[in-house]
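Participant: Model the following, please.
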Amino acid sequence: MADPLFPLLPAEKLNLQVVDGIFCVADSSVDAGSAESRTDMDMPIPTMKEFFADLDTLIAYESEGPLKTFAFKRLSFLESLFDMHLTLNEVEEQAICKVRR
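Facilitator: Have a look, this model is predicted:
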């Protein structure tokens with residue numbers, strides 16, 4: 001059974017460490033806090049100041065009324081499409097599940 005923390009990646013090859021308050025996932029053969037590990041991730045790690053500036057921006061977007069209404073309507077529309085998909089494909093999906101057992 002797969003590890004729920006790493007469903008798509010082999011957990012035995014990964015190392016999880018906290019470096020300067022940031023959770024880093026790296027190859028087990030490389031120290032997660034090293035410069036080599038940070039270049040392997042190909043992701044810039046933001047400073048705390050950058051993180052909180054981005055968080056403030058997200059909170060400002062979230063509190064905007066029209067954007068919140070649009071997002072709610074879009075999610076409702078997508079939910080109705082998914083419900084229609086379930087209704088139309090229910091028999092086929094049940095048949096596939098029975099074959100896999």
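Participant: where in the protein is pLDDT low?
Facilitator: 1-12, 27-43 (pLDDT under 70).
Participant: Helices of that one, residue ranges please.
Facilitator: Using DSSP state H, the helices of the chain run over 35-40, 48-62, 65-100.
Participant: Tabulate those (a markdown table), appending distance to residue 20 and mean neighbour count.
Facilitator: All C-beta spots, glycine's among them, are computed from the backbone N, C-alpha and C. Output for the helices of the chain, formatted as a markdown table (distance: least, CB to CB, whole Å; neighbours: other CB atoms under 10 Å):
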| stretch | distance to residue 20 | mean neighbour count |
| --- | --- | --- |
| helix 35-40 | 11 | 13 |
| helix 48-62 | 9 | 10 |
| helix 65-100 | 33 | 10 |
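Participant: Looking at those helices, spot the one closest to residue 22.
Facilitator: For residue 22, the closest of the helices of the chain is helix 48-62, at 9.1 Å, according to CB to CB.
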